[in-house]
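> Fold the following and give me the result.
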Amino acid sequence: MIWFKRIIRFLFWTCLFGGIAIGGFAGLLIWRVDKELPDVSVLKDVRYQTPLRIYTSDGVLMAEYGEKRRIPVPFDKIPKGLVDAVLATEDHRFYEHPGIDIIGLLRASVQLAVTGTKSQGGSTITMQVARNFFLTRKKTYSRKIREILLAIKIDRELSKDKILDLYLNKIYLGNRAYGVAAAAQVYYGKKLEELTLPQMAMLAGLPKAPSKLNPLNNPEAAIKRRNHVLYRMYEKGYIDQATYEESIAAPLTASYHSVAIKFTAPYVSEMARKIIVDHYGKSAYTAGFNVYTTVKSQDQASAEKAIRDALLGYDTRHGYRGPITNYGSPTKDSLPQWQDKLRKIPTVSSLQPAAVLVVNDKSAAVMLSNGAMEVIPWQGMAWARKEIKGRAWGKEPQVAADILTVGDVVYVEKIKHKWRLSQIPEVQGALISINPHDGAILAMSGGFDYFQSKFNRATQANRQAGSAFKPFIYAAALEKGFTLATTINDAPIVVNDPTEENFWRPQNSSKDFFGPTRLRVGLMKSRNLVSIRLLSAIGVPYALDYVKRFGFEAEELPNTLSLALGAGVVSPLQLATGYAVFANGGYRVEPYLIDHVIDSNGNMLYKAKPAVACEECIKQDGGAAALTFATNSGDNHLAPQVVTPQIAYLMTSALQDVIQYGTGRRAKDLNRHDLAGKTSTTNDQKDAWFAGFNSDAVTISWVGFDTPKSIHEYGAQAALPMWKAFMSHKLLGTPESTMERPPGLVTVRINPKTGYAAPSWMKNAVFETFREEYSPTRPRTKKPTFNARNNANDDNYDESAATLF
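You can find the predicted model right below:
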């Protein structure tokens, strides 16, 4: 017995000291680990990784950028049924335990000891929050210890509802969806409050294995898991038996839903994305910024449609280039193969690929990539004369067989419930519209289809401006003392251009010459020779310096007389910025796209404060004071005045005549008198432009090939229809808006041939507006700064001197 007692005593003391040692070691380990644990108080103000979202000015989502789809929602906005489903499945003692579930941990420990396998059954929601925010998913004993200690600290630091809030917004639920709100959108296309109980149960069952239990990847396993969640809800008293039985009988309704983007404008959203990432860095993709642009969804949709219709219209006028390929003769067995091939051909804008199955006398039957059979009537294909070259086309088709062959693969589009033969335009275009008062971009489209070509021609294409540049030369001349009544000789001219091997003999587009021509008429009729002689009179160096006021870069412009014909290169956006000076009374505004940025917490991170045109300045003193071409005041919210209001008004008046009587007459269809603009066609018809505006919008349209070659059309034919289509929408229902006439101008009756003040008896006299100091009815207050004398009431005035050159 003595030896037995000794053994008992030895075991007792061994266990005691061993326990103390183990306890001390464990305590020391926990102490050291606890010191290394992160501060859990940061969870009180969590910023989730949420994608960058781009909106229109009226709040329509255009694009979302980022790997993680997450829509953070406050806990009080999460439906109770979803919370109950999660608690019943993941942690039904959540509101009772101190962050760790002792019973669950013991159960998991016993399973490990008996089977040698690890179980997640001991992980509470709080422990999962600790893991998701602070730890890796690698299963190690040290990580488990840290997870337990963090869970205890989190439970002490945060309320239970806050912990649930963190869990439900952070948890990964498959298909790039993080958080329950994003999962509801991905799987059901719904907001949380719109989910049914079976749908909530489906989401609640995903955290265990988001990929394996996914309703899209494994529907059978997903339903089994959903029903398990519903049973746990029934078992724990969250739902009654009738609700349980009804819910498990519900069919699987999950399907993939992309981001809820109601409207796409990829050229706009890509430009906005780049601006934000350049400013804030790549963290912008996860910071949850909501970026609101200056474009309005309806205006942008109109711009997209205008450019699409204009380019398709141009393509139709220039003939049919033939099918994409030919599949041969169809058979019953080959149609599924044809359909598979069609699916691999991209849809471009509204154009869908189709295969021709039957060719009738005046119609054709086609199969779309979705297997649908459609008919193209004769009206939808009669346009398709064969393109030969340039302006040459083949004979007009008489029957469908002249155009199509069975097996042809073509593009078709649906217009007003009828199908039409089409083709992807080879020509490209751009349209941009800005607010002349502050530079806000109102609409922008950089090409026919962004996914066909991501090059944004509205901002990145540098093309010759052609006649659209002439108004800036005219403005420079008015600054020098010329008037719109000054006459220039429209006659042949030969220029010895040092940059050319041969002499330059410019011509008008009509090849005709019209003799002495008033500047107003020269601009209205776009007379090239008038512009060249005008530039020669004021001097190329002066003109180059002057046009910099409008935002043009001198290094992109020629230092020769070809400047008068727009031989320099500009982008549509640069041209819009230049024309805005005329539209707003002489102020140079800077274009901008981002109106404001809101962070993930709803705070205003950025708000645009553009420099604006000073309309009151124009009304008060007419801007007659000497200009400082950098800034006009200490108020940096005022745009710099670069042209006097009088010159801006005169140029607007002259450009209004371009639409009323000149090359832009097609714009008269809009039945407005406040529109001003200029057509433009560059050398060899490689670029077609229309630049037009009123006081509310400056819009530029351009048509041309990316690799310059002749489009065989003028600006009035190719570019003006695009401009007109957009502006008809933009100005619909708005009152006419034009610049108020500033002080310092007078209107005088003049001889339309000479530009002199007309005698009272002259019947065909016309009215012209002048700056007071250059009025032909009063003595000069300023000396003209050009050689030929201006029209004036001067007894010694030589009529021949009024015509330059």
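> Going along the chain, name the helices of the stretch 451-600 of the chain.
Along the stretch 451-600 of the chain, the segments classed as helices by DSSP state H, counting those that start in this stretch run 470-480, 519-524, 528-538, 540-547, 572-583.
> before we move on, which element is Q300 in?
helix 297-317 (DSSP states H and E).
> In contact with V86: list those residues for me.
Contact analysis of V86 by Cβ atoms under 8 Å, 6 or more residues apart in numbering lists 125, 164, 167-168, 204, 207. No exception for glycine: its C-beta is placed from N, CA and C like everyone else's.
> what about the most centrally placed residue in the chain, which SS state?
Per Cα atoms, centre = their mean, the C-alpha nearest to the average position across the chain is that of V268, at 1.1 Å. Secondary structure for V268, judged by DSSP: H, G, I helix; E, B strand; the rest coil, is helix.
> now W702
Under three-state DSSP, W702 comes out as strand.
> Would you agree it is in contact with W723?
No - assessed by Cβ atoms under 8 Å, W702 is found out of contact with W723, at 9.7 Å.
> re earlier: kindly indicate the member of the contacts of V86 with the most neighbours.
A204 (30 neighbours; other Cβ atoms under 10 Å).
> Tell me which stretches of the stretch 101-250 of the chain form helices.
102-115, 125-134, 141-157, 160-170, 180-188, 197-204, 219-235, 241-248.
> Show me what counts as buried in the third one.
I take that to be helix 141-157. Across helix 141-157, burial judged by 16 or more other Cβ atoms under 10 Å covers 144, 146-155, 157.
> what residue ranges in the stretch 401-550 of the chain are flagged as low confidence?
497-501 (pLDDT under 70).
> domain ranges for this structure?
The chain resolves into domains spanning 68-248, 321-422, 438-464+568-594+607-741, 745-804 when parsed by automatic domain parsing.
> mind checking how far the first one is from the chain centre?
For domain 68-248, the separation from the chain centroid amounts to 39 Å (computed by Cα atoms, centre = their mean, to the nearest Å).
> For that domain, measure first residue to last.
31 Å (Cα to Cα, to the nearest Å).
> again with the longest one
For domain 438-464+568-594+607-741, the first and last residues are 20 Å from each other (Cα to Cα).
> More neighbours: W702 and W723, which one.
Set W702 next to W723 and count neighbours by other Cβ under 10 Å: W702 wins out with 31 against 28.
> Tell me how far that one lies from V412.
Applying Cβ to Cβ, to the nearest Å, the value for W702 to V412 is 28 Å.
> now do Y187
Taken as Cβ to Cβ, the span from Y187 to V412 is 34 Å.
> Same question for A221.
42 Å.
> okay, those two: which has more neighbours?
Neighbour tally, A221 and V412, criterion other Cβ under 10 Å: the higher count belongs to V412, 23 against 15.
> What is the neighbour count of N559?
Residues near N559, counting by other Cβ under 10 Å: 15.
> Please report phi then psi for it.
phi -90, psi 50 (degrees, to the nearest 10).
> returning to what we had before: which residues are in contact with both of W702 and W723?
Common neighbours of W702 and W723 (Cβ under 8 Å, 6+ apart) are L431.
> can you tell me which residues contact A458?
267, 430-432, 444-446, 571-573.
> hmm, 7 Å instead?
For A458, the contact set (Cβ atoms under 7 Å, 6 or more residues apart in numbering) comprises 267, 430-432, 444-446, 572-573.
> how near is V42 to G99?
17 Å.
> out of these two, which sits in the more crowded spot?
G99 (24 against 12).
> Give me the nearest residue to that one, chain neighbours excluded.
Nearest non-adjacent residue to G99, counting by Cβ to Cβ, 6 or more residues apart in numbering: D155, 3.1 Å away.
> so who does the one you found touch?
Neighbouring residues of D155 by Cβ under 7 Å, 6+ apart: 98-99, 126.
> how far away is it from G371?
57 Å.
> And T89, by the same measure?
From T89 across to G371, the span is 42 Å (Cβ to Cβ).
> which element is D84 on?
Per DSSP H and E: helix 80-90 holds D84.
> just the angle between that helix and helix 180-188, please?
90 degrees (axes from the mean of the first three to the mean of the last three Cα atoms, to 10 degrees).
> What are the buried residues along helix 80-90?
Within helix 80-90, judged by 16+ other Cβ under 10 Å, the buried ones are 81-90.
> So what are the sheet partners of whichever helix or strand V412 is part of and their directions?
Using DSSP H and E, V412 falls within strand 408-415. With DSSP bridges as the test, strand 408-415 is paired with strand 325-326 (antiparallel), strand 352-359 (antiparallel), strand 418-422 (antiparallel).
> Please work out how many residues are found near the closest residue in space to N456 that isn't next to it in sequence.
Sequence neighbours aside, G446 is the residue nearest to N456 in space, at 3.4 Å (criterion: Cβ to Cβ, 6+ apart). Counted by other Cβ under 10 Å, the residues lying close to G446 total 27.
> residues in contact with G446?
So G446 contacts 267, 430, 455-459 (Cβ under 7 Å, 6+ apart).
> what about the helices of the stretch 101-250 of the chain, which gets the closest to S302?
Among the helices of the stretch 101-250 of the chain, the nearest to S302 by Cβ to Cβ is helix 180-188 (28.8 Å).
> Just name whatever secondary elements that closest one is in contact with.
On a contact count with 3 or more Cβ pairs under 7 Å, 6 or more residues apart in numbering; DSSP states H and E, helix 180-188 meets strand 69-70, helix 197-204.
> just the angle between that helix and helix 219-235, please?
Computed by the same axes, to 10 degrees, the angle between helix 180-188 and helix 219-235 is 130 degrees.
> So what angle separates the directions of helix 180-188 and helix 197-204?
Going by the same axes, to 10 degrees, helix 180-188 makes 110 degrees with helix 197-204.
> ok, and what's touching helix 180-188?
69-71, 73, 78, 82, 168, 173, 175, 177, 190-192, 195, 199, 203, 206, 215, 253-254, 256-257, 260.
> redo that, cut-off 8 Å
So helix 180-188 is contacted by 69-73, 78, 82, 168-169, 171, 173-177, 190-192, 194-195, 199, 202-203, 206, 215-216, 253-257, 259-260 (Cβ under 8 Å, 6+ apart).
> Only the buried residues of that helix, if you could.
Neighbour-count burial for helix 180-188 [16+ other Cβ under 10 Å]: 180-188.
> For P330, list the residues it contacts.
Here P330 is in contact with 338, 355, 357, 406-407 (criterion: Cβ under 8 Å, 6+ apart).
> any idea which helix or strand carries it?
Here P330 is assigned to no helix or strand, by DSSP H and E.
> what residue ranges in this structure are flagged as low confidence?
Those would be 1-36, 104-122, 137, 139, 141-142, 390-392, 497-501, 617-636, 777-805, if you go by pLDDT under 70 across the chain.
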